[in-house]
Structures are given as structure tokens and as C-alpha cells.
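Q: With the sequence up front, the predicted model follows.
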Amino acid sequence: MNGGQDLGGMMGFGPVVAEPEEPVFHADWEKRVLALRNAAGALGEWNIDMARHANETLHPVDYLSSSYYEVWLKGLEKLLISRGLATPEELADGRALQPPKPIRPPLAAKAMIEALARGTPYDRPPASPARFAVRDEVRALNINPKGHTRLPRYARGKRGRVEKVHGVFVFPDANAHGLGPSPQWLYLVRFSGAELWGRDGDPGLDVSIDAWESYLEGIAG
Amino acid sequence: MVSGPLPTGGDIHGHDHDHDSGHLTDVALRVRALESLLIEKGYVDPAALDAIVETYETKIGPRNGARVVARSWVDPDYREWLLDDATAAIKSLGYAGRQGEHMVAVENTGAVHNLVVCTLCSCYPLPVLGLPPVWYKSAPYRSRAVIDPRGVLAEFGVSLPPETKIRVWDSTAEIRYLVVPMRPAGTDGWSEERLASLVTRDSMIGAGLAIDPRSLAAEGRA
């Protein structure tokens, strides 16, 4: 969706301000949000693409005026409500008003640490040959789905070149909406700054994205 | 109207000083309510929450990535492996896990400078760099890295020769990118450990360069 998350190429946000000797966290509540996102995510009630989509369905004004941990907090609340794990009243009260939903038990500390250390691979075995090869010229489709997508607006309709074939990966546009992993070939596609930004592009700039096969069309030539 | 940049991801109002007074801010209260509710409902284990915080606060950080970079500087075989199969090469040093499942390493040279961003969220190679800094997740960086990377780099005090090309890697899938900065001059014969001390977090994102030991000497820190 063309939401507040799709920031590439926007202007007016001001300079990038780095904080010298920045601490890992700026407040205790940030630690708790990080922990709660991870622990609740491990319940298996949603996947990473659903979690990203929950963040980006915040109103753009809310998204852009929230810190990133606040975005995570608000996204997590939306996920809990949409999966029937909590009600808005419960979240406001901080107390259970209904019995818990019968779901798998939470990970204990040791299992949680092991899960973080193991990670979650998103690659899948290929079921068909890749449609594109390294050096192929491709165009990113001009798509504007109402649902989740990982094709940023600035690349849509632009011509690039396949630089690497990453393999077959879970497809977020389907996975975010409960349609299963629907794996597709994933490509590293490189665009010139001039192609992306016209005469305002840096002549010495190339930008690449990772693009699933259905984001791309071949260019004969 | 607000004056100056919005506190986007940045952030001013997120910095709640709930540690130095008994007054919790609205967001801190909201998080406390959420945590209480999830514990009461049995959805999360409080000990697991603490273990997650401890992991990201003390066990995972940019020192991991610095070790990877330093190894690639001293060991040509390792460098080749890292550039060919970063996931395996990084795992061989003990770093793997969530948001590092599919790694790619990209090397800076005099001809090309690499810069990593996630314009769509906050994707970041956690096992090698730890949690991202606030600026990496902020709207100014995410919006400008792909259209004005030289301007962004200038704000980090990095000015590249005009003939150096810039390659920006937008992390739009589950591939995570690690920049291998150029090894500073004047470090011949340095041990891997000593070299690792020159590798900053920002240099592994591409927003900085490795520390030049001559600048340390000038500051009397070497």
C-alpha cells in the first residue's frame, strides 16, 4: 500500500541527525516494546509480513510523527486486536476482561534465546526455473496494491538490470494477508540514479532493490 | 505549525525520562498496560522478555560485525568467502540468527562506496550490528538515502571524491547487507583485534569510514 512507510525519495524531513555515543535504548519502555514484539511474534499468530503490514496501516500522520518503537507498539496493539488476543478496552485498562484465546504456550526464556539465535529462514526450494537471469534488463511494474507490497514507489515503472538471482523466497504480498508463503524467485535489481530520478539524479549513483519475480517484466532486447 | 523537522522516528517525544522520576509518560504507561495484560493472559513469559532485552543490550552489537570485517582484511580466503557466501562466512565466526538469516557483504573500494538503507521499514543485520541507531530508522535517512546519498554522507562528515560512485542497497526483502569498509592506510601488520577497533558501526552501514589511525594519533588516543 502507498502508506506512510514508503519513504524513498520523499523530501522535507530535514537533516539526518546522528546521536554521538547513542545508547542502545533511550527509555525502559523501548526495551519492553522490543521484547513484547519478539515474544508475541513467537506465538505464531502472525508472520513478519503481517507485522510489517500492521505498522504501515497506521495513519500516515501517526506513522510519521511516531518514533520507531512507538510504531512497533501501535502495530503490536493492532495485531493483538485483529487476532482476537486482546480488546481495545483490555489494552486501555491493562487488565484482562475476557479469558485468553486458546493458543500455543509462550516460549520460555531459554527457548526464546534459541529461537533468536536460530532465526527464521525465508528461502524455499525452487519449484520452477527462474524467469530472469543475471544481466537481463527488466522493468519494475507500475503496481499500486491496496495490500502489503515490498516494491517501493520510487522504483515502479523504472528500468533496471538483474544483478543477482537470490533464490526463491516467501512472497510478502501474499504472506501478509494469510495467503501462505507463495514463494517466488527473488532478484537483486539495479537502477541508475538517472533512471530513478531523471535529471535530478546523481550521475554517480546506482540504487538496488530486492524484487520478487511478479514485480518485474522483461524488456526485449 | 511545527518549526523545524518533525520528530520523525527521531525523536524527541520518545525520550521519556521515566527513569528519573515517578511520573511515567503516556507511552510508558501504555506499554506497561500492554505488558501487564499479555502476562496476565499468559501470552508471554516475563523471564523470556528479560532474556530478549539482555540479548540485544549486551550480547549482540557492532563488535560482531567489526570482527567479520577485520578478518576479511587480514585473510584473503575469508574475504573471498565473505563476498561469495556471507551467511556461511559470518556464521563461521559465531554470528547468526534473527534478521541475519540471509546475509550479503558488499565491499567499498576507491571506485564504489556502498550505503545500506531500508526505505520501507527498519531492516538491519541484527546479528552483526545489533539494534539499529535511531537515525537509521528515521524518516530523514530513509527518504534521502536513495535520492541524495552524497548529501546524507556529508551530514555524517563523509565526503567522497566525485569520481567515486555510490551504490545504495535498499533492503526490501529478507536479504541483509553488511558493508565492508576500506582498510585504513598505515595499518600494515596490525593484529585482527586491533584492526577491529577501527571498524565502526556506521562504517558497516556505509554512513561512515573505518577510523583512520592517524586521526587517533592526532587526538592522542593511539
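A: Arrived safely.
Q: And the contacts of the lengthiest strand in chain A?
A: Selection of the longest strand in chain A by residue count, based on DSSP state E, yields strand A:159-169. Where contact means CB atoms under 8 Å, 6 or more residues apart in numbering or on different chains, the residues beyond strand A:159-169 that reach it are A:122-127, A:130, A:132-140, A:183-192, A:195, A:208, A:210, A:212, A:219, B:102, B:173-175. Where you see a C-beta, it was placed from the backbone N, CA and C, and this is true even at glycine.
Q: Then stretch B:50-65?
A: Outside of stretch B:50-65, the residues within contact range by CB under 8 Å, 6+ apart are A:24-25, A:31-32, A:34-35, A:38-39, A:109-110, A:112-113, A:116, B:93, B:95, B:125-131, B:178, B:196, B:199-201, B:204.
Q: mind checking how far that stretch is from the chain centre?
A: Stretch B:50-65 sits 13 Å away from the centroid of its parent chain (CA atoms, centre = their mean, to the nearest Å).
Q: Only the buried residues of that stretch, if you could.
A: B:Ala51, B:Ile52, B:Val53, B:Thr55, B:Tyr56, B:Glu57, B:Ile60, B:Gly61, B:Pro62, B:Asn64, B:Gly65 (16 or more other CB atoms under 10 Å in any protein chain shown).
Q: what about chain A, any weak spots by pLDDT?
A: Counting by pLDDT under 70, chain A contains low-confidence ranges at A:221.
Q: try 50
A: Residue ranges of chain A with pLDDT under 50: none are present.
Q: And the strands in it, which stretches?
A: A:123-124, A:137-140, A:159-169, A:184-192, A:205-212, A:216-218.
Q: so what strands line up beside the first one?
A: Partner strands and pairing direction for strand A:123-124 (DSSP bridges) are strand A:159-169 (antiparallel).
Q: Compute the inter-axis angle for the strand it pairs with and strand A:205-212.
A: For strand A:159-169 against strand A:205-212, the angle by axes from the mean of the first three to the mean of the last three CA atoms, to 10 degrees is 40 degrees.
Q: Let's see strand A:159-169 as CSV, backbone CA atoms only.
A: Provided in CSV are the C-alpha atoms of strand A:159-169 (Å, rounded to 0.1, in the frame of the first residue of the first chain):
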residue,chain,number,x,y,z
ARG,A,159,14.1,0.0,-15.9
GLY,A,160,16.9,-1.8,-14.2
ARG,A,161,19.1,-4.8,-14.7
VAL,A,162,19.2,-8.1,-12.8
GLU,A,163,22.5,-8.3,-10.9
LYS,A,164,22.0,-11.4,-8.9
VAL,A,165,19.4,-14.2,-8.5
HIS,A,166,19.0,-14.6,-4.8
GLY,A,167,16.9,-17.8,-4.9
VAL,A,168,13.2,-18.5,-4.1
PHE,A,169,11.8,-16.6,-1.1
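Q: Count residues in the vicinity of the residue lying closest to A:His59 once chain neighbours are set aside, would you?
A: Spatial nearest neighbour of A:His59, excluding adjacent residues (CB to CB, 6 or more residues apart in numbering or on different chains): A:Gly4 at 7.4 Å. Residues lying near A:Gly4 (other CB atoms under 10 Å in any protein chain shown) number 22.
Q: same deal with the one 3 residues further on?
A: Close neighbours of A:Leu7, defined as other CB under 10 Å, add up to 29.
Q: can I get the buried residues of stretch B:50-65 in JSON lines with pLDDT?
A: Formatted as JSON lines, those follow (pLDDT from 0 to 100):
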{"residue": "B:Ala51", "pLDDT": "98"}
{"residue": "B:Ile52", "pLDDT": "98"}
{"residue": "B:Val53", "pLDDT": "98"}
{"residue": "B:Thr55", "pLDDT": "96"}
{"residue": "B:Tyr56", "pLDDT": "96"}
{"residue": "B:Glu57", "pLDDT": "94"}
{"residue": "B:Ile60", "pLDDT": "95"}
{"residue": "B:Gly61", "pLDDT": "95"}
{"residue": "B:Pro62", "pLDDT": "97"}
{"residue": "B:Asn64", "pLDDT": "98"}
{"residue": "B:Gly65", "pLDDT": "98"}
